[in-house]
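>>> Sequence and predicted structure, then a few things I'm wondering about:
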Protein chains: 2
Amino acid sequence: MQVTIAVDAMGGDHGPPVTVAASLRFLEATPDARIILVGRKEAVQRVLDTTRSRALERASIHATTEVVEMHEPPADALRRKKDSSMRVAVNLVKDGVAQACVSAGNTGALMAISRFVLKTLPGIDRPAIASQLPTRLGVTLALDLGANVDCTPEQLLQFAIMGSALVSAVEGIERPTVGLLNIGEEEIKGNDVVKEASELLRASGLNFYGNVEGTDIYKGTTDVIVCDGFVGNVALKTSEGLALMLADYLREEFTRNGLRRSLALVALPAINAFKRRVDPRRYNGATLIGLKGVVIKSHGSADPMAFRHALRKAYTEVTHGVLERIEQRLAVTPAAATQPAAAAAGSGDA
Amino acid sequence: MQVTIAVDAMGGDHGPPVTVAASLRFLEATPDARIILVGRKEAVQRVLDTTRSRALERASIHATTEVVEMHEPPADALRRKKDSSMRVAVNLVKDGVAQACVSAGNTGALMAISRFVLKTLPGIDRPAIASQLPTRLGVTLALDLGANVDCTPEQLLQFAIMGSALVSAVEGIERPTVGLLNIGEEEIKGNDVVKEASELLRASGLNFYGNVEGTDIYKGTTDVIVCDGFVGNVALKTSEGLALMLADYLREEFTRNGLRRSLALVALPAINAFKRRVDPRRYNGATLIGLKGVVIKSHGSADPMAFRHALRKAYTEVTHGVLERIEQRLAVTPAAATQPAAAAAGSGDA
């Protein structure tokens, strides 16, 4: 299966030195893939000129003139920059030239442009941000991680259907378990939206495990974890902050004095193995799920290894037919869109 | 200053073997403290009989007949168990016999009983759960961690005033910085409640730092972090889950084979120092803040060391005049209670 990925070469904190280099490494490892590097021709060509990779023949440049800045208001990026590398990369998916697009750029702009250009799938109110997190037992797919601040119970159900379909297609799990993120304090179990969503999920035919708590994310209690974007984003960012702090503490303790430093040397294999297991770069690449096309968001600060993981995610979703699986599941399990179905299908734009 | 603490000796997963043992250790280290052990007389006496501690003379038993179960509905505990160790411990604070109470029991029941017996402070709608978290720079006080699922902007302001007063009194920081937990995605910055709370905080005269993200919690960006109880609970529980997973990973890597195990032995001082720094027992003890009395909730699974930390927290809050400081700050910074002030002052009960 031939897969073409449109890469927003200008996106992210580093631009072409990361995106182009990672694209070539990805192509070397993936013989049936092609990449269209979308961006300023000279900037992209400059990185291509530094390599003699045999993968070069499967990479092409699509020249654009504009760049969406990392902190540009999404509405501005959408309205004014019709020739941005991000917009054109998404257009290539819309036109069927590419089967997926990957960007490390401005998340809000990528979401706004993708919704406007690709539209949402029938029955989906708004796309969500979905990403895999490592757990004790493997991985779990969590969504929404920041696209939708306030969600209706119906939207949470939609997330569950989409997340379940994605895990089913990619991991080969027939009926992934779905957990609804809630709190465990005894006085009041969750808010009204979560209570209603819980009832919808119970009646949905999905493999609904029930409510889960924050601790369950890393326990790997369920294959999919559903929550609104505010809660999901806080959980994700809190995890990032804690992991960084613990890594710093560990480094400090192993370099506190000369003796400790020499101990660190002997302990290095174990420490490195530990670091590899929790390396966030291995989990880079969030899916903007619910669109009529595969769009993967890479972390803005991604290095080539991390960006390569995002490319691999795009490739996997295409080859495993994630979009088709989501559409099938939506047809079987009507998602009770909050908006009238026709509107949701026709105009995913804001 | 003589401080008397009422201890719910029956609370928690272990009851007297933990609560009574920890109380004696605490008394040994704190000569001006007294403890009233509230619970079933024989169960408490049995633990007291195992020791010859010179602190025994500052511990007394207040016999009760009932126990609130860990998973009992709070409303049942409140209505039916008038002679529970938890209820009587809170009563002792209300009656001025003790200056604080500590329980490792059912959180919801402790909250319901405390609100009913002690009432909320004037200007406070509902109490919150506040707890210190370790950061790269020291500690931060986060609230609410689970008592209030949906909060009004005014309640978030109340949390900020109370948290700021607590940190000011205990840590000796004149004007603690306050951060409002929000999400950083570019498309939509937070929901309406957070936006309104942000405006209230800006006008409050508090040292409002602005919005912070999940990553800022462990960075130690601000002295106080304010959020609603749903988000705070998820952030806390997610952190617990991640820390446990990382600790497991570390152990696994250092015991993977015989060679690694012997490396672990030499690396032990560094690993132990690391563990001590992040030991959750050191942070045990959450304040039910906003009540007319000091009530500290210990983790249900606390061991004697962890429970001792909760006792120390109660002692510190009393000796540092936290309640008085909160009342002063509420008088200076009217908290714009959601309910009419008279109702909020008069009836904190549900």
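Thanks, I have it.

>>> what about A:Pro153, how many neighbours?
Close neighbours of A:Pro153, defined as other Cβ atoms under 10 Å in any protein chain shown, add up to 20. C-beta coordinates here come from the backbone N, C-alpha and C atoms, glycine included.

>>> what sits up against stretch A:268-277?
Contacts to stretch A:268-277, defined as Cβ atoms under 8 Å, 6 or more residues apart in numbering or on different chains, come from residues A:134, A:247, A:250, A:254, A:264, A:282, B:249-250, B:253-254, B:256, B:260, B:263-264, B:267.

>>> Pull out the buried residues from those residues.
Neighbour counting over the contacts of stretch A:268-277 (16 or more other Cβ atoms under 10 Å in any protein chain shown) leaves A:Pro134, A:Leu250, A:Phe254, A:Ala264, B:Tyr249, B:Leu250, B:Glu253, B:Phe254, B:Arg260, B:Leu263, B:Ala264, B:Ala267 as the buried ones.

>>> which residues touch the second one?
By Cβ under 8 Å, 6+ apart, the contact list for A:Leu250 reads A:Ile271, B:Leu250, B:Phe274.

>>> Sort out which of the contacts of stretch A:268-277 are in helices and list them.
Within the contacts of stretch A:268-277, residues falling in helices by DSSP state H are A:Ala247, A:Leu250, A:Phe254, A:Ala264, B:Tyr249, B:Leu250, B:Glu253, B:Phe254, B:Arg260, B:Leu263, B:Ala264, B:Ala267.

>>> could those residues go into JSON lines alongside distance to A:Thr50?
Rendered in JSON lines, the data for the ones in helices among the contacts of stretch A:268-277 read as follows (distance: Cβ to Cβ, whole Å):
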{"residue": "A:Ala247", "distance to A:Thr50": "32"}
{"residue": "A:Leu250", "distance to A:Thr50": "36"}
{"residue": "A:Phe254", "distance to A:Thr50": "36"}
{"residue": "A:Ala264", "distance to A:Thr50": "35"}
{"residue": "B:Tyr249", "distance to A:Thr50": "37"}
{"residue": "B:Leu250", "distance to A:Thr50": "39"}
{"residue": "B:Glu253", "distance to A:Thr50": "37"}
{"residue": "B:Phe254", "distance to A:Thr50": "41"}
{"residue": "B:Arg260", "distance to A:Thr50": "40"}
{"residue": "B:Leu263", "distance to A:Thr50": "40"}
{"residue": "B:Ala264", "distance to A:Thr50": "43"}
{"residue": "B:Ala267", "distance to A:Thr50": "41"}
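
>>> In a markdown table, list those residues along with distance to A:Gly229 and pLDDT.
A markdown table is the format used below for the ones in helices among the contacts of stretch A:268-277 (distance: Cβ to Cβ, whole Å; pLDDT from 0 to 100):
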| residue | distance to A:Gly229 | pLDDT |
| --- | --- | --- |
| A:Ala247 | 27 | 82 |
| A:Leu250 | 31 | 80 |
| A:Phe254 | 38 | 77 |
| A:Ala264 | 40 | 68 |
| B:Tyr249 | 28 | 82 |
| B:Leu250 | 32 | 80 |
| B:Glu253 | 34 | 79 |
| B:Phe254 | 38 | 77 |
| B:Arg260 | 41 | 72 |
| B:Leu263 | 43 | 70 |
| B:Ala264 | 41 | 69 |
| B:Ala267 | 41 | 72 |
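
>>> if we take those, which one ends up nearest to B:Ser164?
A:Ala247 (30.7 Å; Cβ to Cβ).

>>> Looking at the residue lying closest to the closest one once chain neighbours are set aside now. What's its pLDDT?
Using Cβ to Cβ, 6 or more residues apart in numbering or on different chains and skipping the chain neighbours, the partner closest in space to A:Ala247 is A:Lys275 (7.5 Å). Looking at A:Lys275, its pLDDT is 77.

>>> now the one 4 residues further on
On the pLDDT scale, A:Asp279 is placed at 80.

>>> Give me the distance between A:Gly163 and A:Arg175.
As for A:Gly163, its distance to A:Arg175 is 13 Å (criterion: Cβ to Cβ, to the nearest Å).

>>> Oops, could you answer that again for A:Arg329 instead?
A:Arg329 sits 11 Å away from A:Arg175, taking Cβ to Cβ as the criterion.

>>> count of neighbours near A:Arg281?
Neighbours of A:Arg281 under the rule other Cβ under 10 Å: 17.

>>> Show the contacting residues for it.
Contacts for A:Arg281 (Cβ under 8 Å, 6+ apart) come out as A:Ala302, A:Asp303, A:Met305, A:Ala306, A:His309.

>>> Just the buried ones among those residues, please.
Neighbour counting with 16+ other Cβ under 10 Å marks A:Ala302, A:Asp303, A:Ala306, A:His309 as buried within the contacts of A:Arg281.

>>> for chain A, which spans come out with low pLDDT?
Scanning chain A for pLDDT under 70 picks out A:185-190, A:264, A:266, A:334-350.

>>> where exactly do the strands run in the stretch 1-150 of chain A?
A:3-8, A:33-39, A:59-63, A:100-103, A:128-134, A:139-143 (DSSP state E, counting those that start in this stretch).

>>> what about the fifth one, distance to the chain center?
Read that as strand A:128-134. How far strand A:128-134 lies from its chain's middle: 6 Å, per Cα atoms, centre = their mean, to the nearest Å.

>>> by how many degrees do that strand and strand A:139-143 diverge?
Our comparison of strand A:128-134 with strand A:139-143, counting by axes from the mean of the first three to the mean of the last three Cα atoms, to 10 degrees, yields an angle of 160 degrees.

>>> Look up phi and psi at A:Leu288.
Main-chain dihedrals, A:Leu288, degrees, to the nearest 10: phi -80, psi 100.

>>> Show me which residues of the stretch 251-350 of chain A sit near chain B.
Residues of the stretch 251-350 of chain A lying near chain B by Cβ under 8 Å from any Cβ of the partner chain: A:253-254, A:256, A:260, A:263-264, A:266-267, A:269-271, A:273-274, A:277-278.

>>> out of the contacts of stretch A:268-277, who's nearest A:Ala98?
A:Arg282 (24.6 Å).

>>> will you turn the contacts of A:Leu250 into a markdown table that also has distance to B:Ile113?
Formatted as a markdown table, those follow (distance: Cβ to Cβ, whole Å):
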| residue | distance to B:Ile113 |
| --- | --- |
| A:Ile271 | 48 |
| B:Leu250 | 40 |
| B:Phe274 | 39 |
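
>>> of those, closest to B:Leu110?
The shortest gap between B:Leu110 and any of those belongs to B:Phe274, at 32.9 Å (Cβ to Cβ).

>>> what's the burial count for that closest one?
Neighbours around B:Phe274, by other Cβ under 10 Å: 20.

>>> Now it. Its backbone dihedrals?
phi -60, psi -50.

>>> Quick check: closest non-adjacent residue to it.
Excluding the flanking residues, the one nearest B:Phe274 by Cβ to Cβ, 6+ apart is A:Glu253, at 4.6 Å.

>>> quick one, what contacts that neighbour?
Neighbours of A:Glu253 in contact, by Cβ under 8 Å, 6+ apart: A:Arg260, B:Ala270, B:Ile271, B:Ala273, B:Phe274, B:Arg277.
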